[in-house]
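Colleague: no FASTA, just this:
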């Protein structure tokens, strides 16, 4: 694997895992007033379309990154709807 | 352009533009307590790496999407640091 692809994998890991601290913070503080539901709904639809794109291209990196991101984004949406 | 690439472009437009309502909400309400700074810092680093990946691959879609996302994420970080 060349350096550029490793950079891509690190990039995907960062943009995907970045949602973990938001889920944790939201779950811990049970407050979501400042979080935009519109942002997370648009992001979720985008993630689902990326997932489809990844499946069609047979790209495991795109599939994995977006499947995990989608789950984390759904968590934020559920917490937003609850609190 | 085939259907799959159009889906990819819609996906990129959605995941990029999703940050606009968050910037607007944060700027309007001047409150960022519920937003995770760690999330946005990790996302910003990821976006910068994606930008590098896009430049190296000569992919205008990846470059554009991540340049715009990066600017929007910087806005959220600046608002988070201020309010």
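Modeller: Arrived safely, thanks for sending. Computed from a prediction, not measured in an experiment: that's the story for all the values here.
Colleague: which stretches of chain A have low pLDDT?
Modeller: Scanning chain A for pLDDT under 70 picks out no residues.
Colleague: now do 80
Modeller: A:1 (pLDDT under 80).
Colleague: Scan it for its longest helix.
Modeller: When chain A is parsed with DSSP state H, its longest helix is helix A:60-82.
Colleague: Off-centre distance for that helix?
Modeller: On the basis of C-alpha atoms, centre = their mean, to the nearest Å, helix A:60-82 is displaced by 4 Å from the centre of the chain it belongs to.
Colleague: Can you give me the buried ones in it?
Modeller: Neighbour counts using 16 or more other C-beta atoms under 10 Å in any protein chain shown place A:62-63, A:65-70, A:72-73, A:75-77, A:79-80 of helix A:60-82 among the buried residues. C-betas here are computed from N, CA, C, even on glycine.
Colleague: Remind me what it packs against, helices and strands.
Modeller: Helices and strands touching helix A:60-82, by 3 or more C-beta pairs under 8 Å, 6 or more residues apart in numbering or on different chains; DSSP states H and E, are helix A:3-17, helix A:19-29, helix A:37-57.
Colleague: Chain A against chain B: which residues are in contact?
Modeller: Contacts of chain A with chain B, taken as C-beta under 8 Å from any C-beta of the partner chain, map to A:4, A:7-8, A:10-15, A:17-22, A:24-26, A:29, A:31-36, A:38-40, A:42-43, A:45-47, A:49-50, A:52-53, A:56-57.
Colleague: for the residue nearest to residue A:25 when sequence neighbours are not counted, what are its contacts?
Modeller: Take residue A:25 and drop its neighbours on the chain: the residue closest to it by C-beta to C-beta, 6 or more residues apart in numbering or on different chains is residue B:36, 4.5 Å away. For residue B:36, the contact set (C-beta atoms under 8 Å, 6 or more residues apart in numbering or on different chains) comprises A:21-22, A:24-26.
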